[in-house]
Every structure is written in structure tokens, then in C-alpha cells.
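# Any chance you can model this:
(2 chains)
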Amino acid sequence: MATAYDITAKQAEPEQDSPVPVVAVENVYKSFAGHQVLNGISLRVGKGETLAVLGRSGTGKSVLLRLIIGLDTPDSGSICIHGQAIAGLALDRMGEIRKKMGFLFQQAALYDSLTVQENVAFPLEHHRRDMPKSERADRVRQLLAEVGLETDIDKMPSDISGGMQKRVGLARALALEPEILLLDEPTAGLDPISSSEINELILKLQKERRMASIVVTHDLHSASTIAGRLALLNEGDVVIEGTFEDLQQSDIGFVKEFLKQS
Amino acid sequence: MSDRGFPAVAGLNPPLPVRGIEPLSTVTGYATKLFNGFFEWFGGLGIFSWRVLCAAVTPPYEWRELIRQLDEVGSKSLPLVAMAGAAIGVILSLEARYSLSRFGAKSMFPATLVYSVIQVMGPVITGLVVSGRVGAGMGAELASMKVTEQIDAIEASAINPYRLLAATRILACILMLPLLTIATDACALMTGWFAQAMVEPLSFHQFIANGFNGATFSAFLPQTLKTAVYGLIIGLIACFQGMRTRGGAAGVGRAATNSVVLASLFLILADVVLVKFILVFFP
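Numbering: from 1, shown residues only, chains lettered A, B, ... in the order given. Sure thing, here's the model as predicted:
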């Protein structure tokens, strides 16, 4: 099982040669009903790199992911995907950018009227209409095999466990072979064994596909296992950004308290 | 004893707040909130309608979802509207026979039944029945998808939810309402004739011939086609209410209720305008 102490051996090395970050968040502010959630946050993620965004509940971690994929819009600041600012893009233009992104929701957000197989096939049916049906079915089976669910393809989302739902959600997020993977609390609410399996799966996928990934979590163990770089949020801004060792060596009171309580 | 009727215990029974006339500022605040909410709702509906229209007229078209919705709105509503139509036919037959007999105008029975079913009762009853079944169903389904982030998941998968979810449902309602109205009318006329024939001999051929004697297409066609507007209202309001839902299970319940109530209300209000419009342009 992967631990916080052998991450350098397991994580894929980020590619440093690309001058434009895959995801660039610059000085972003976001508030809801007068409550400031993000307070001038800036983050960058390069190709093949995994950034874990940590923080207490309600510090705007999930909001950050929703802003990056364009489900919400920032009050100010800019978000660029491959150097393209996404602010003000029409829904269909934004769709073109979203095709390069995979999103795993916190509660998996599977379509409850579709089977596991149909859930994974859903993005393919809409964006790979030219793909023959048999090839599409093979691709779905392959994706489900990758997440270890090849025997559950005909089950409904309500008939499988939370961990399995997250795996289906992950398979669906990977269906269009994204260049960016956004994971919202991939291990939240799971038992330690399922959490470990999800972590191993994410690591395996990162090594195989070399995607830029942002993982939002409050699970320090999971973050240190799957991410090469960690950013700790407090009151809507980054308190510290660096490796797990950097966090451990930090003198900042909030960082020490967070590590102590995790 | 405390003023609530319980023994007074220090700390447990704080004094009740004095109830009286609300301060003027509070009343003004409520009025402003209500006023803002009213215009916010219509503004939101306008933006939603524009997005749906833009999504509906641009490719890719969601034919498969449209066919599924045509089945959902049309085939699955058919038994219900048929039964409602049948009941209305019997009721109108009984009422018309009684009223016409009083004025010695029994020979007018077929025409009275045909005109009252096709011009008035059929469209409205179909609209209200579909509003109840489909409006609540769509509102609850979309609201449930919204609160469980399924609509966000669709959008995150680079699929336009206005095109996939709203445009298909609204179009299905627009296309199916006139067809369902024809079914309601047919059932109402059949049972209306049958109820009459049970009392007095009247052949179906004679009933239809007398009922439609001298009738033109313009007498019936606009009344049937106006239900496409009912379909637009039902689909639009149900999708709008569903896709703007917040607040978990309670929000889903509210969305379903509001979809039915608002769709039924706007349907009746629209009928006032449509009837006047038809009387002016198809006299």
C-alpha cells in the first residue's frame, strides 16, 4: 500500500519543458451571498503534474474546481486552460475546452437512470458519434476494467457501493481521454481499504496517461500519496504550496495545526 | 404559572415576544423582496428561454432524447387524457341534454357537444392533465438531477444541458399536446354520444353528421393547435423550475409543486389571450 513516505517512488515526474501551464488560476476571487470563499487565489499546474489542494471544509476547495471547469464564474481574476482564458466563453465554446477535462464529483454524480455501462458510454455517445458502436462498447469495457468494475456493467448506480460509484465516475471522467483530471474528494466517505484502492488507481492512471491533475481533498494521507505538490488553503487563499516535506518543515501555525490534526 | 400555561422555571420559559403590527420598514422590506422576486423570476425565465432557443436551433441535435421524450409525454399521457376525455364527454352529455331539453332545443345536442368539447373543454382538460402529469414529473426529475449534480456532470462532460434536457422536453410537449388533445376530443365525443344513445336512439353517424354540420376547419383547427402553446408553457416552466432548484429533497418537492401550479396557472391565463386571438383572426 502506498504511504505518505514513498510518494517520490510512485508519482509520475511532471514535465517541465512546457512554458504555458495547463491550468493557470490567477488572483481569483469568489463570493456567495456576501460570503468571501476564494480570496485572490493563484495556482498553476503543468502537464503530467498532480497538485493536491488541501484545507478545512468550507474553504473553497470544491468551488475552485467548479471555477476551473466553468460550472461557476469567478467574481474577478482569470482562469486559463492551455493559455486560453475561459471567462465569458459561450457554452459550446466552453464545451470544446471541457472535452479535454475529466471531472470526478464528490458524490460521483452518476446518472441514476442509466446503468454503469451507459454512464461511462454517455460522453462517448455524444462526442464520438463517428466511433462504431462495437468499438465504443469495447472502450467502455476497457475503461471499466481499468477501474476494476468489468463485472458490474449492467448494475444501476443505486445497486453499487460509494467506492464503486466513485470508480465509475472516474471511468466516465476518463472516457474522452482528458488532458486535465479534476478530482473532488476522491476518497471522502470511503473506508480505508477503498480509499487506498482509489489512491492506487489514481496513481496508476497518472503514470499511464500523464495528465495534469488537481485533487481536492482534506485527506492528508491521500494527498501525500497521489500528489507531488500540495497547496494548503485557509480563508480562501493558499497558505503554503510545496511538497509534503515542505509542509512538514513549515513554521506556519496553521500548517502545523492542520498536519497535527490530520 | 407562565403565560404558556406551564409552571414558570427560571431560564426555560423566556418571555414571549410582543406581537403587534409589523413596523412599516419590515412591511416595505417584504414588499420590495416580493417585487424583486417577481421580476427576478421573469428575468430568469427570459434568460433560460433564450438559452434553450439558442441550444435548440444549433447542432448537434439530440434526436434520441427527443424520441424518448415524445414517448414519455405522448404515449404515457395517452391513457390519462383518454380517461379524462371520456369522463368529460359523459358529464357534458348529461348536462347538455338536461339544459337543452329545458329550452326545447334537443336537436342541438350533437352540435353543442362537438363544439363545447373541441373548442373549449378538450384543449383545457388536456392541458391541465398533462400539466399535472408531465409538469410534475419533469420538474421533479430535473430538480433531482440538479441537486445530485447530475446536470453539472452533463455540463462538465461538454454536453449542453439546455439542448439535451430542456429543448427536447419542451419540443416534445409542443408536438404532443395537439395530438393528445385530438385523443381527448375523440374519447369525449365517443362517450358523449354513448351516454346520449343509452337514453335515446341516436346513431353515431347521425351524431357526427349533425355535430359537424356546416363546420369548417377554422372552427376547430386553431383551438386544437393552440395547445402547442400550452405545451410550450408546461415544458418551459417545468424545465425552468427543475433546473434552477436548490436545497435537497425539500427543493425537489418545491420544484415539482411549483411546476404544476405555475404551469396550470399560466396555461389558463394564456387561454384567455389565445381565445381572444382566435376570435379575432379566425372568426
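
# Give me the neighbour count for residue 93.
Defaulting to chain A. If you count neighbours by other CB atoms under 10 Å in any protein chain shown, residue A:93 ends up with 12. Glycine gets a C-beta too; all of them are placed from N, C-alpha and C.

# oops, chain B please
Residue B:93 - counted by other CB under 10 Å - has 25 other residues nearby.

# so how far is residue A:41 from it?
According to CB to CB, to the nearest Å, residue B:93 and residue A:41 sit 71 Å apart.

# Quick check: can you name the pairing partners of the one helix or strand residue A:213 maps to and their directions?
Element membership of residue A:213, judged by DSSP states H and E, is strand A:212-216. The pairing partners recorded for strand A:212-216 under DSSP bridges are strand A:50-55 (parallel), strand A:180-184 (parallel).

# can you give me the offset of the following helix or strand past the first one from its chain's centre?
Later in the chain than strand A:50-55, the nearest helix or strand by DSSP H and E is helix A:61-68. How far helix A:61-68 lies from its chain's middle: 10 Å, per CA atoms, centre = their mean, to the nearest Å.

# can you check stretch A:114-124 too?
20 Å.

# Using CSV, list the CA coordinates for stretch A:253-262.
Output of stretch A:253-262 as CSV, limited to C-alpha atoms (Å, rounded to 0.1, in the frame of the first residue of the first chain):
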residue,chain,number,x,y,z
GLY,A,253,1.0,27.9,12.8
PHE,A,254,-2.0,26.9,10.7
VAL,A,255,0.1,24.4,8.7
LYS,A,256,1.4,22.8,11.9
GLU,A,257,-2.1,22.6,13.3
PHE,A,258,-3.5,21.1,10.1
LEU,A,259,-0.8,18.4,10.0
LYS,A,260,-1.2,17.7,13.7
GLN,A,261,-5.0,17.2,13.4
SER,A,262,-4.8,15.2,10.1
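
# contacts for that stretch?
A:54-56, A:218-221, A:232, A:234, A:239-240, A:247-248, A:250 (CB atoms under 8 Å, 6 or more residues apart in numbering or on different chains).

# For it, list every residue counted as buried.
A:255, A:258 (16 or more other CB atoms under 10 Å in any protein chain shown).

# Could you do stretch A:197-207 as well?
Buried, per 16+ other CB under 10 Å, within stretch A:197-207: A:197, A:198, A:199, A:201, A:202, A:203, A:205, A:206.

# For the chain, which segments count as strands?
Went with chain A since none was named. Assignment of strands within chain A using DSSP state E yields the ranges A:23-32, A:35-45, A:50-55, A:76-81, A:84-85, A:101-104, A:180-184, A:212-216, A:229-234, A:237-242.

# Which secondary structure elements does the fifth one sit against?
In terms of contacts (3 or more CB pairs under 8 Å, 6 or more residues apart in numbering or on different chains; DSSP states H and E), strand A:84-85 is packed against no helix or strand at all.

# Strand partners (parallel or antiparallel) of that strand?
Here, using DSSP bridges, strand A:84-85 pairs with strand A:76-81 (antiparallel).

# Name the residues of the partner strand that are buried.
A:77, A:79, A:80, A:81.

# the inter-axis angle of it versus strand A:35-45?
30 degrees (axes from the mean of the first three to the mean of the last three CA atoms, to 10 degrees).

# which residues sit in contact with residue B:93?
Applying CB under 8 Å, 6+ apart to residue B:93 gives the contacts B:113, B:191, B:192, B:193, B:195, B:196.

# cool, and residue B:262?
So residue B:262 contacts B:237, B:241 (CB under 8 Å, 6+ apart).

# Likewise for the one 5 residues further on?
Under the criterion of CB under 8 Å, 6+ apart, the contact list for residue B:267 reads B:124, B:127, B:128, B:131, B:230, B:233, B:234.

# so which helix or strand takes in it?
Going by DSSP H and E, residue B:267 is in helix B:248-281.

# Pull out the buried residues from that helix.
B:251-252, B:254-256, B:258-260, B:262-264, B:266-267, B:270-271, B:274-275, B:278.

# Mind jotting down where the helices sit in the stretch 51-200 of chain A?
Counting by DSSP state H, counting those that start in this stretch, the stretch 51-200 of chain A has these helices, from start to end: A:61-68, A:91-98, A:116-127, A:133-146, A:162-174, A:192-209.

# So which residues make contact with the longest one?
Read it as helix A:192-209. Residues from elsewhere that reach helix A:192-209 (CB under 8 Å, 6+ apart): A:1-2, A:10-12, A:48, A:50, A:146-148, A:161-163, A:166-167, A:170, A:174, A:177, A:181, A:183, A:186-187, A:190, A:211, A:213, A:215, A:219, A:221-222, A:225-226.

# rewinding a little: could I get the buried residues of stretch A:197-207 in a markdown table, plus columns for pLDDT?
Shown next, in a markdown table, are these (pLDDT from 0 to 100):
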| residue | pLDDT |
| --- | --- |
| A:197 | 82 |
| A:198 | 83 |
| A:199 | 87 |
| A:201 | 83 |
| A:202 | 85 |
| A:203 | 87 |
| A:205 | 82 |
| A:206 | 84 |
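
# Pull the most distant pair out of those.
A:197 and A:206 (15.1 Å; CB to CB).

# re earlier: wait, which of the helices of the stretch 51-200 of chain A is closest to residue A:23?
Nearest to residue A:23, of all the helices of the stretch 51-200 of chain A, is helix A:61-68, at 6.1 Å by CB to CB.

# ok and the closest one relative to strand A:23-32, angle-wise?
120 degrees.

# Can you pull out the residues in contact with helix A:61-68?
A:23, A:25, A:28, A:30, A:37-38, A:41, A:43, A:53-55, A:72-74, A:79, A:81, A:101, A:103, A:106, A:182, A:184-185, A:214, A:216-218, A:233, B:152.

# And these, which of them are buried?
With burial judged by 16+ other CB under 10 Å, the buried subset of the contacts of helix A:61-68 is A:23, A:25, A:28, A:30, A:37-38, A:41, A:43, A:53-55, A:72, A:74, A:79, A:81, A:101, A:103, A:106, A:182, A:184-185, A:214, A:216-218, A:233, B:152.

# Contact residues of the stretch 1-150 of chain B facing chain A?
Taking CB under 8 Å from any CB of the partner chain as the contact definition, the stretch 1-150 of chain B meets chain A at B:51, B:55, B:58, B:60, B:144, B:145, B:148, B:149, B:150.

# ok, those vs chain A, which is closest?
residue B:149 (4.0 Å; CB to the nearest CB).

# which ones are touching the closest one?
A:105, A:107, A:109.

# need those residues in a markdown table with pLDDT and neighbour count, can you?
A markdown table is the format used below for the contacts of residue B:149 (pLDDT from 0 to 100; neighbours: other CB atoms under 10 Å in any protein chain shown):
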| residue | pLDDT | neighbour count |
| --- | --- | --- |
| A:105 | 93 | 26 |
| A:107 | 89 | 17 |
| A:109 | 93 | 24 |
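
# From those, list the ones also adjacent to chain B.
A:105, A:107, A:109.

# Of those residues, which is the nearest to chain B?
Checking the ones next to chain B among the contacts of residue B:149 against chain B by CB to the nearest CB gives residue A:109 as the nearest, at 4.0 Å.

# now the helices for chain B?
Along chain B, counting by DSSP state H, helices occupy B:24-57, B:63-70, B:78-102, B:109-115, B:122-130, B:136-147, B:150-156, B:161, B:168-199, B:204-211, B:217-225, B:227-243, B:248-281.
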